[in-house]
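Student: Sequence isn't available, so here's the structure alone:
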């Protein structure tokens with residue numbers, strides 16, 4: 001299977017990158033193809049709200065020319081998608097939010113009788129790492145992604161919010177085991 005991972009953190013050696021790396025490592029060991037997009041390294045602009053994408057039914061159709069074109073195309077061609085972000089201001093990072101917004105171009109005829117999604121039925125999940133607790137801290141990130149997954153008709157795997165993260169070298173074997181379990185869910 002082909003799995004696309006979308007890393008929305010700014011730190012290549014941070015908590016989120018480490019845990020996403022364990023998910024990717026497990027997938028590769030199982031013989032799957034993994035393509036990671038490090039959003040902080042790419043040129044991605046925000047959705048312009050122009051709805052030009054609505055005129056194209058068999059492709060994203062976004063008119064903004066930047067690296068998001070390649071990401072959206074890879075998502076369409078993937079079997080599963082894993083999004084990952086550190087918690088920023090009770091939500092996902094700005095880098096990841098840009099791609100979620102641009103994901104509007106993957107949905108066609110929203111609320112119409114022929115409402116479809118170019119990523120519909122693909123397994124997807126969200127990994128969020130945060131220093132604090134989940135309660136009164138990370139619920140909005142989870143809830144926003146659940147809404148996005150419903151909108152995009154993704155086959156949602158429960159988002160994983162990993163609370164209490166301070167440094168990657170303090171992540172223990174239980175986190176690696178959970179990462180392997182999440183990888184299995186993506187391809188299972």
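Tutor: In hand now; what should we look at? Keep in mind that what you see is a predicted model, and the values were worked out from it rather than measured.
Student: wait, isn't residue 39 in contact with residue 98?
Tutor: Yes - judged on Cβ atoms under 8 Å, residue 39 makes contact with residue 98 at a distance of 7.3 Å. No exception for glycine: its C-beta is placed from N, CA and C like everyone else's.
Student: who's more crowded, the two?
Tutor: The neighbour count for residue 39 versus residue 98, taken as other Cβ atoms under 10 Å, is higher for residue 39 (26 against 21).
Student: so what's the more buried one up against?
Tutor: By Cβ atoms under 8 Å, 6 or more residues apart in numbering, the residues touching residue 39 are 6, 7, 8, 93, 95, 96, 98, 99.
Student: what do you get if the cut-off is 7 Å, keeping everything else the same?
Tutor: Listed by Cβ atoms under 7 Å, 6 or more residues apart in numbering, the contact partners of residue 39 are 6, 7, 8, 95, 96, 99.
Student: Farthest pair within the residues you listed?
Tutor: Spatially, the most separated pair among those is 7 and 99, at 10.4 Å (Cβ to Cβ).
Student: Can you pick out the residue with more neighbours from these two?
Tutor: Neighbour count, other Cβ under 10 Å: between residue 7 and residue 99, residue 7 has more, with 28 against 23.
Student: close enough to count as contact, that one and residue 15?
Tutor: No - checked against Cβ atoms under 7 Å, the pair residue 7 and residue 15 is beyond contact range at 11.7 Å.
Student: Just say helix, strand or coil for the spatially most central residue of the chain.
Tutor: Nearest residue to the geometric centre of the chain (Cα atoms, centre = their mean): residue 83, 2.0 Å. Classification of residue 83 using DSSP: H, G, I helix; E, B strand; the rest coil returns strand.
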